[in-house]
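Enquirer: okay, predicted coordinates and the sequence, questions at the end:
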Protein chains: 2
Amino acid sequence: MKLKDDRKVELIFEAALKLVAQKGLSGITMGDISREAGIATGTLYVYFTGKDELINALFAASRANSVQVAFRGYELTTPFKLGFRTVWMNILRYKLQHFEEVVFLEQCYHSPYITEETRERARELAVPFYDLIERGQQEMLIKTADTGLLLTFMMGAINELVKQTHYSNETLSKKKIDLTFDLCWDALKA
Amino acid sequence: MKLKDDRKVELIFEAALKLVAQKGLSGITMGDISREAGIATGTLYVYFTGKDELINALFAASRANSVQVAFRGYELTTPFKLGFRTVWMNILRYKLQHFEEVVFLEQCYHSPYITEETRERARELAVPFYDLIERGQQEMLIKTADTGLLLTFMMGAINELVKQTHYSNETLSKKKIDLTFDLCWDALKA
DNA sequence: CACAGAAGTGAATATTTATTCGCTTATCTT
DNA sequence: AAGATAAGCGAATAAATATTCACTTCTGTG
């Protein structure tokens, strides 16, 4: 017998992301996805029970990806500011390179597709970021304010920068990136 | 003869905003909108030629609203930091009170509904914000970096704060608001 | 190699949703 | 107050879209 093809799920995800970045979640159909992925519409239903499950699975995967990459190269032993910078740059780099996921995730938060369970799992993934900020606070390097608030501020700035960069389709220079990090650091530092 | 009822357009807009904040742009139908607005589906077509026009009109109106309110109480004669603070608070207050518009606008940017023309008009509305930042730069109070970048950073932080506040459904205390302004000011100040 | 069983197909069907239309109701004009 | 004209209605229709299904094509297993 023939086995399921993991690569095909990848193909489907890539197609869906591309289309959502182009036309938004509201402008995407199962037909579009299958055409873009180069497979038959019926095949989508071999891998997913329906549109809802497809979107939820893609949401979970996208969310996990972006978090997984963030702490690459970060160790508790590295000095805080350097470690924070590493994480910050990881996030920015990832989001610039995976703009489609940024858009997709954003659109999903207020969509009828994402179930409460999927949302809850997404929230759990944020824990390491809270830990990071709290470490900075313990070392008296970061303002002693609501951790969630500081995190929100930082992520918001990155997200908006990524979107802005994409819309104005200029490449973000090293200089601009460093500057934005400085903005962020100046905001959060004690 | 009977005349068109301006109030009805308001009703339609309110209904659409409410639904989009609840279920996203992708989960909204003309039937839903009319039911929520308490009018017949056909009546929607008296006021708008179709769904596309309805969404574009709402987008334009929402965008205009949020900008219009921003400079209330701001004068070129007021000292910069105070004026900046006024504008910043105006924006935050408006977005907190009109969360539905925040969500709606965000969802629209990557939707197939919004035409290039509507987008272009939306961009023009940002000019006063550029002027504000540039004034701060001339007075040596704001970092001399790309104006768009600084603006992006500031708006991103506000947006994310508003969203975060809403999701965690706590009311944002005066203290937290002031703190966030300080974060923002520390980031942008020269 | 044979064949079992699952993947893969895309046209057919079911479902959802936008839009139209014949009709009723309201209100402006004279 | 009467007529004209457009708003308002919601069931009917058209269009778009999700999902199924009868069929074909693979490929792992014995």
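Expert: Ah, there it is.
Enquirer: residue contacts, residue A:66?
Expert: Shown in contact with residue A:66 (C-beta atoms under 8 Å, 6 or more residues apart in numbering or on different chains): A:91, A:94, A:95, A:98, A:101, A:105. The way it works is simple: take the backbone N, C-alpha and C, and place the C-beta from them, glycine included.
Enquirer: ok, now with 6 Å
Expert: Neighbouring residues of residue A:66 by C-beta atoms under 6 Å, 6 or more residues apart in numbering or on different chains: residue A:94.
Enquirer: so it is in which element?
Expert: For residue A:66, the host element (DSSP states H and E) is helix A:51-70.
Enquirer: can you check residue A:35 too?
Expert: helix A:30-37.
Enquirer: and that helix with chain B, contact?
Expert: No: Helix A:30-37 does not reach chain B (C-beta under 6 Å from any C-beta of the partner chain); its nearest approach is 10.9 Å.
Enquirer: so the helix holding residue A:66 versus helix A:30-37, what angle?
Expert: If you take axes from the mean of the first three to the mean of the last three C-alpha atoms, to 10 degrees, helix A:51-70 sits at 50 degrees to helix A:30-37.
Enquirer: just the C-alpha atoms of helix A:51-70, please, in CSV.
Expert: Coordinates of each C-alpha in helix A:51-70 appear next as CSV, following Å, rounded to 0.1, in the frame of the first residue of the first chain:
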residue,chain,number,x,y,z
LYS,A,51,-10.6,23.3,5.9
ASP,A,52,-10.9,24.0,9.7
GLU,A,53,-8.4,21.3,10.5
LEU,A,54,-6.0,22.4,7.8
ILE,A,55,-6.0,25.9,9.1
ASN,A,56,-5.6,24.8,12.7
ALA,A,57,-2.7,22.5,11.9
LEU,A,58,-1.0,25.2,9.9
PHE,A,59,-1.5,27.7,12.8
ALA,A,60,0.0,25.3,15.3
ALA,A,61,3.0,24.5,13.0
SER,A,62,3.6,28.2,12.2
ARG,A,63,3.4,29.2,15.9
ALA,A,64,5.8,26.4,16.9
ASN,A,65,8.3,27.2,14.2
SER,A,66,8.7,30.9,15.1
VAL,A,67,9.2,30.0,18.8
GLN,A,68,11.6,27.2,18.2
VAL,A,69,14.0,29.3,16.3
ALA,A,70,14.0,32.2,18.8
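Enquirer: does anything pack onto the next helix-or-strand element following it? Which helices or strands?
Expert: Next helix or strand after helix A:51-70 toward the C-terminus (DSSP H and E): helix A:80-97. Here helix A:80-97 touches helix A:51-70, helix A:147-167, going by 3 or more C-beta pairs under 6 Å, 6 or more residues apart in numbering or on different chains; DSSP states H and E.
Enquirer: now render the ones you listed as a markdown table, adding mean pLDDT.
Expert: A markdown table is the format used below for the helices and strands packed on helix A:80-97 (pLDDT from 0 to 100):
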| stretch | mean pLDDT |
| --- | --- |
| helix A:51-70 | 95 |
| helix A:147-167 | 89 |
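Enquirer: for DNA strand C, find the nearest of those.
Expert: DNA strand C lies closest, by C-beta to the nearest atom of the strand, to one member of the helices and strands packed on helix A:80-97: helix A:51-70, at 10.8 Å.
Enquirer: before we move on, back to that, identify the residues contacting the following helix or strand past the helix holding residue A:35?
Expert: Next helix or strand after helix A:30-37 toward the C-terminus (DSSP H and E): helix A:41-47. The contact list for helix A:41-47, computed with C-beta under 6 Å, 6+ apart, reads A:9, A:30, A:31, A:34.
Enquirer: helix A:41-47 and DNA strand D, any residue contact?
Expert: Yes: using C-beta under 7 Å from any atom of the strand, we find that helix A:41-47 touches DNA strand D at A:41, A:42, A:44, A:45.
Enquirer: could you report the neighbour count for the last one?
Expert: What that stands for is residue A:45. For residue A:45, the number of neighbouring residues by other C-beta atoms under 10 Å in any protein chain shown comes to 15.
Enquirer: contacts only, for residue A:108.
Expert: Residue A:108 touches A:59, A:114, counting by C-beta under 6 Å, 6+ apart.
Enquirer: where does the residue of chain A found nearest DNA strand C land on pLDDT?
Expert: Nearest to DNA strand C, among the residues of chain A, is residue A:42, at 1.8 Å (C-beta to the nearest atom of the strand). Note for residue A:42: predicted pLDDT of 97.
Enquirer: near chain B, which residues of chain A?
Expert: For chain A, the residues in contact with chain B (C-beta under 6 Å from any C-beta) are A:23-27, A:103, A:110-112, A:145, A:152-153, A:156-157, A:160-161, A:164, A:179, A:183, A:186-187.
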